[in-house]
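Novice: I would like to see how this sequence folds:
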Amino acid sequence: MLHIALYVCPQTVCSSLSMAQDAFSLANRLAGTPHFRLQRFSLDGQPVQLEFAQIQVDGDLALAERADLLIIPATGSAVSRTLESNARLLPWLARRDRQQLASLCSSAFLLAAAGLLDGRQATTHWALAATFTRHFPKVNLRSDLLLTEDGPLFCSGGAQAGLDLCLHLIARHAGEWLAQQVASAMVIERQRGTQTRFAPLLPDNIDQSLAPLLAWLHEQHGEVIDLNRLAQQAHCSVRTLLRRFRQATGLTPGDYLQRLRISVAQQALADSGSSLEQIASQVGFADRATFAKRFKQLCGETPGAFRKRMRRH
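Specialist: Okay, here's the model as predicted:
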């Protein structure tokens with residue numbers, strides 16, 4: 001039986017904790033025999049007050065040291081506060097390099113702060129990727145992935161990806177058949193692809209000084225647009241345009257235009273019955289093949305798969 005210890009701290013996201021506990025408990029019930037022993041622990045072994053409930057625990061760090069797998073549920077987006085509040089945990093975590101460790105969503109910051117992820121592959125919620133990379137440049141962050149496994153270390157992306165990771169761990173320790181049964185009972189698909197499908201294509205915190213140019217670009221996105229035409233529209237040199245555009249959006253003009261076209265195509269795929277050839281032409285691609293290739297690069301799935309998924313909702 002695999003002994004799993006779930007960490008609880010004041011920043012623990014209650015839904016993330018309960019989701020992990022539910023997944024492994026359900027696996028035990030569906031298997032008809034207990035594959036997983038679940039316990040909760042805190043820094044001092046005392047109950048932890050969360051936003052919606054006080055969580056009872058089974059012990060402190062000594063209990064967790066005896067576990068086979070440590071899971072740290074999500075800890076929210078206030079990363080600095082979480083790291084400061086859990087400063088005592090970090091040196092202890094750093095010594096757990098021989099145990100299996102799993103972070104759900106934002107708790108990857110705790111594993112990284114303990115130095116465990118240096119030189120390893122990891123993931124976290126796509127919205128936290130820039131902050132994570134800035135804090136931990138030695139980590140090979142794959143924010144496009146729903147989950148990662150690198151040696152004994154496991155990480156997951158956004159909230160629902162925590163369940164993907166739990167299913168992955170169930171499959172790893174009790175077999176794929178049981179993981180499939182748990183997924184079916186919880187009404188979730190196995191192997192759901194990448195986080196790329198859920199991340200927005202265009203940045204939302206854009207410098208307003210570029211707003212008129214971007215508004216024009218949104219209106220003209222289906223036309224042939226080169227840097228000279230953009231610079232002329234912005235009343236500046238190409239060199240100045242490139243600098244200002246990167247500062248304002250984090251992207252080159254070409255990358256922004258490609259993302260804009262694919263974003264418009266997503267709406268057309270969801271709302272219209274137009275063919276892929278028609279949509280590709282409408283948003284400015286020369287042919288369907290180029291459109292489909294770029295769509296999959298940016299969205300993590302084909303245009304046809306995207307349309308099918310949208311039609312199911």
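Novice: Using the record's assignment, carve this structure into domains.
Specialist: 2-195, 208-311 (automatic domain parsing).
Novice: How about the backbone phi and psi for His3?
Specialist: phi -90, psi 120 (degrees, to the nearest 10).
Novice: weakest of the domains of the chain by average pLDDT?
Specialist: Note on the domains of the chain: domain 208-311 shows the lowest mean pLDDT, a mean of 89.
Novice: what's the offset of stretch 203-210 from the middle of its chain?
Specialist: Chain-centre distance of stretch 203-210: 23 Å, with Cα atoms, centre = their mean, to the nearest Å.
Novice: most packed of the domains of the chain?
Specialist: domain 2-195 (a mean of 19; mean count of other Cβ atoms under 10 Å). All C-beta atoms are positioned from the backbone trio N, CA, C, and that covers glycine.
Novice: Kindly check the end-to-end length of that domain for me.
Specialist: In domain 2-195, first residue to last residue: 29 Å (Cα to Cα, to the nearest Å).
Novice: Could you do stretch 56-64 as well?
Specialist: End-to-end distance for stretch 56-64: 15 Å, by Cα to Cα.
Novice: Enumerate every residue touching Met186.
Specialist: For Met186, the contacting residues are 22-23, 26, 163, by Cβ atoms under 8 Å, 6 or more residues apart in numbering.
Novice: and the two most separated of these?
Specialist: Farthest apart among the contacts of Met186 by Cβ to Cβ are Leu26 and Leu163. That separation is 10.8 Å.
Novice: sorry, back to before: Serialize the contacts of Met186 to CSV and add fields for distance to Leu38.
Specialist: Converted to CSV, the contacts of Met186 look like this (distance: Cβ to Cβ, whole Å):
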residue, distance to Leu38
Asp22, 10
Ala23, 10
Leu26, 11
Leu163, 15
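Novice: Mind putting those residues into TSV with secondary structure?
Specialist: Below are the contacts of Met186 laid out as TSV (DSSP: H, G, I helix; E, B strand; the rest coil):
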residue	secondary structure
Asp22	helix
Ala23	helix
Leu26	helix
Leu163	helix
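Novice: which one among the residues you listed gets closest to Arg98?
Specialist: Ala23 (24.6 Å).
Novice: Might one say that that closest one is in contact with Val182?
Specialist: Yes - judged on Cβ atoms under 8 Å, Ala23 makes contact with Val182 at a distance of 6.1 Å.
Novice: Between these two, which contacts overlap?
Specialist: 167, 170.
Novice: the strands in the protein, which residues?
Specialist: Taking DSSP state E as the test, the strands found in the chain are 2-7, 36-41, 48-49, 54-55, 69-72, 100-103, 121-122, 140-141, 147-150, 153-156.
Novice: looking at those, which is closest to Gly284?
Specialist: Of all the strands of the chain, strand 140-141 comes closest under Cβ to Cβ, at 31.4 Å.
Novice: so how far is the closest one from its chain's centroid?
Specialist: Centre-to-centre, strand 140-141 and its host chain are 12 Å apart (Cα atoms, centre = their mean).
Novice: can you check stretch 32-42 too?
Specialist: Chain-centre distance of stretch 32-42: 26 Å, with Cα atoms, centre = their mean.
Novice: What lies in contact with it?
Specialist: With Cβ under 8 Å, 6+ apart as the test, stretch 32-42 has contacts from 1-9, 17, 21, 24-25, 27-28, 48, 55-61, 63-64, 67, 170, 173-174, 178.
Novice: hang on, the earlier thing: okay, the domains of the chain in CSV with distance to Leu202 next?
Specialist: Shown next, in CSV, are those (distance: least, Cβ to Cβ, whole Å):
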stretch, distance to Leu202
domain 2-195, 13
domain 208-311, 6
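Novice: For Leu201, find the nearest of those.
Specialist: Nearest to Leu201, of all the domains of the chain, is domain 208-311, at 4.3 Å by Cβ to Cβ.
Novice: Quick one: end-to-end length of that closest one, please.
Specialist: From its first residue to its last, domain 208-311 covers 35 Å (Cα to Cα).
Novice: do the same with stretch 147-156
Specialist: 4 Å.
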